[in-house]
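Enquirer: below: sequence and its predicted model.
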Amino acid sequence: MREQFTSQLKLAMKAGERRRVDTIRMITAALKDKDIEARGQGKSVGDDDILALLQKMVKSRQESLEIYEKAGRADLAGQEAEEIVIIRSFLPEPMDEAGVEAAITEAITETGAASIKDMGKVVAALKAKYAGRMDFGKASALVKAKLGPAG
């Protein structure tokens, strides 16, 4: 994925796409921060970590977008919207609701989850298989609903 950022940055620079250049630089800066943090813990940053970072960046921009729209700042809202589109271009195609439901059912079966106490195992299995393709906040709520109350 790192090579993709580099090549896309070069293309954007040649094409004079200022917003795209700035956004890709922002991604690579966040990735460098993540590398430094991981190095301190003796870990390395893999593609799954990069996908999670990109999803976090999109979510942050969506929150800012809503705030700017409510405040009537169309200029800043437009900038956030453009950045979201650019960041999403590096993410795999997100799963639809039916796909998420099927993946959760499959993960519950695979992990042998029987109650809410097994929720962590199910979410971990989903993250391992579907990193970057689903919103794990929403998926966690669905897993919780399927496993039912603790008992």
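Expert: Yep, it's here.

Enquirer: please make it C-alpha for all contacts and neighbour counts, starting now.
Expert: Will do.

Enquirer: please name the nearest non-neighbouring residue to the residue nearest the centre of the chain.
Expert: Among the residues of the chain, the one closest to the centroid is Gln55, at 1.8 Å (CA atoms, centre = their mean). Using CA to CA, 6 or more residues apart in numbering and skipping residues adjacent in sequence, the residue nearest Gln55 is Gly132, 6.6 Å away.

Enquirer: where does Gln62 land on pLDDT?
Expert: Residue-level confidence at Gln62 comes out at 95, pLDDT.

Enquirer: give me the element it is part of.
Expert: Using DSSP states H and E, Gln62 falls within helix 47-70.

Enquirer: against which helices or strands is that helix packed?
Expert: Judged by 3 or more CA pairs under 8 Å, 6 or more residues apart in numbering; DSSP states H and E, the packing partners of helix 47-70 are helix 18-40, helix 74-88.

Enquirer: residues contacting that helix, please?
Expert: 1, 27, 30-31, 74, 76-78, 80-81, 83-84, 87-88, 90-91, 131-132 (CA atoms under 8 Å, 6 or more residues apart in numbering).

Enquirer: filter the residues you listed down to the buried ones.
Expert: The neighbour-count test (16 or more other CA atoms under 10 Å) marks 27, 30-31, 76-77, 80-81, 83-84, 87-88, 90-91, 131-132 as buried among these.

Enquirer: now for these: which two are most distant?
Expert: Spanning the widest gap among the buried ones among the contacts of helix 47-70 are Leu76 and Ala131, at 29.3 Å by CA to CA.

Enquirer: that older thread, for the residue nearest to Gln55, give me the backbone phi and psi.
Expert: Gly132 has phi and psi values of phi 80, psi 0 when expressed as degrees, to the nearest 10.
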